[in-house]
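>>> task: produce atomic coordinates for the following.
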Amino acid sequence: MSQNNYGAQSEKYRFISTQHGGYYRHNFIDHAYLYNLYFPPEAIFASFKEQIHNIVLNYPVAQDALAGLIGKIIDQPVERIVVSNGASELIKIVSGQISGKLIIPVPSFNEYANAAPSRRVVEFPLDFPSFRLCVEKFADEAFRVKADMAVVITPNNPTSMLVPKSDLVWLAKKLESHDCMLIIDESFLDFAENPDKISIERDIADYPNMVIFKSMSKAYGIGGLRIGYMLTADLKFAEVVRNRIPIWNINGFAEEFLRLLPDYKYEFLESCKQVRYDRDSLYEKLCGIKGMTVFKPDANFVFCRLPDYAQSAPDVTKELFIKHNMYIKDCVGKTQPDSDRYIRIASRTEGENRKMVTALIDVIGLKN
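Here you go, the predicted structure:
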């Protein structure tokens, strides 16, 4: 690579690393953002084109009608559902405005902690180096700090690890005795094996202190549409959150997507199967790198500790982008020990994953 090209790529990397989207405009392979590459099908885009004048020129429906559309998809009553402009809107409301003291295991998705005033959030370290959640210790700490909300992301981001359903049920019951609400973020659950059996959604009525958050961007591959929802049997809490949502928080394209989605259930399930296949193949390839610690994934990304002889995670991430035009995430911004040794790699297609592993081997200095 010439000095000019290296400098241009370095400048491009500096810009991209400060952005939160729009990556498709900059011509690189995105192994950072986490979404389903195999959904939506082209038929949905064709429907958008046919309806584009109506979608653009007219106001979308408001909350009650949107909740009805989600309710049809997940088979839940309207009054239990709040539809949001991505899960991030819900996080801002619940973490930033409603919770008195929130506790969350870390490392995790930073927005839950970032959205809350610092004095009202407690970060609970996952067991190291396994990064597993001990729900007994988590509950004890929630009681000690007098938390009124506890958050569990399953599968977790960045670790890609699932928390067993039995643990979540135990945790909800334990927290209920201390008037603590349990928020379960299931945004990546569709990529785990047998998601219908491990989701808490269908059992939500049994747990009055349980709330489920779901970002549809990941599983349905619609980051640009910005759709999320909250599900709870606590109707008073649902109303409190609903009253903080703008009357038109979802645009017409998102509404149209929700209307079309029930007709594509088979295509969605097949797309998730393909994501799981690609992810498992990526996991196996990464396990072949000498000295790499690779955590078995349940979501559509893989969490790794770099070999001791490799450069730091930020250096590897930067060099991978500059030399190979591929972007992954380092975990320096996460609350965890040795954060500068860990990376998160989003799974793409089989061919793209293979090329990424070859490039990663090159960057960390291994020879085939």
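>>> residues in contact with the helix or strand encompassing I55?
Under the criterion of DSSP states H and E, I55 resides in helix 42-57. Identification of contacts with helix 42-57 by Cβ atoms under 8 Å, 6 or more residues apart in numbering yields G252, F253, E255, E256, F257, L260, Y264. Every C-beta, even on glycine, is put in place using the N, C-alpha and C of the backbone.
>>> closest to F109 among those?
Using Cβ to Cβ, F257 is the member of the contacts of helix 42-57 that lies nearest F109, at 23.2 Å.
>>> that closest one contacts L225, doesn't it?
Yes - using Cβ atoms under 8 Å, F257 is in contact with L225, at 5.7 Å.
>>> thought Y207 was touching E201?
No - using Cβ under 8 Å, Y207 is not in contact with E201, being 11.0 Å away.
>>> which one's more surrounded, those two?
Neighbours per residue (other Cβ atoms under 10 Å) separate Y207 from E201, with Y207 holding more: 22 against 17.
>>> distance check, the residue lying closest to the more buried one once chain neighbours are set aside against E201.
Nearest residue to Y207, sequence neighbours excluded (Cβ to Cβ, 6 or more residues apart in numbering): A172, at 4.6 Å. To E201, A172 is 13 Å away according to Cβ to Cβ, to the nearest Å.
>>> kindly report the same for T159.
For T159 relative to E201 (Cβ to Cβ), the value is 22 Å.
>>> could you do Y220 as well?
15 Å.
>>> now do I73
On the measure of Cβ to Cβ, I73 and E201 end up 11 Å apart.
>>> likewise for V211?
11 Å.
>>> which parts of the stretch 151-300 of the chain are helices?
With DSSP state H, counting those that start in this stretch as the definition, the stretch 151-300 of the chain shows helices at residue ranges 165-176, 195-198, 216-220, 235-242, 252-260, 265-287.
>>> looking at the ones you listed, which is closest to N5?
helix 265-287 (27.8 Å).
>>> which strands and helices sit next to the closest one?
Applying 3 or more Cβ pairs under 8 Å, 6 or more residues apart in numbering; DSSP states H and E, one finds that helix 265-287 makes contact with helix 216-220, strand 293-294, strand 301-305, helix 350-363.
>>> would you mark the buried spots in the helix holding I55?
I44, S47, F48, Q51, I55 (16 or more other Cβ atoms under 10 Å).
>>> ok, Y220 touching P40?
Yes - taking Cβ under 8 Å as the definition, Y220 is a contact partner of P40 at 6.7 Å.
>>> quick one: common contacting residues for the two?
With Cβ under 8 Å, 6+ apart as the test, Y220 and P40 both reach F257.
>>> so where is the chain shaky, pLDDT-wise?
Low-confidence segments of the chain (pLDDT under 70): 1-4, 366-368.
>>> got the domain boundaries for it?
Domain segmentation of the chain under automatic domain parsing yields 3-40+266-363, 42-263.
>>> Three-state assignment for F124, please.
Following DSSP: H, G, I helix; E, B strand; the rest coil, the label given to F124 is strand.
>>> now do the same contact list for the closest residue to it other than its chain neighbours.
Once flanking residues are discounted, F124 sits nearest to P105: 4.9 Å by Cβ to Cβ, 6+ apart. The contact partners of P105, by Cβ under 8 Å, 6+ apart, come to E123, F124, P125, L126, L133, F138, V151, V152, I153, N156.
>>> one more pass at 7 Å, please.
Neighbour list for P105: F124, L126, L133, F138, V152 [criterion: Cβ atoms under 7 Å, 6 or more residues apart in numbering].
>>> repeat for L126
P105, V106, P107, R132, L133.
>>> tell me how far the residue nearest to Y207 lies from A150.
9 Å.
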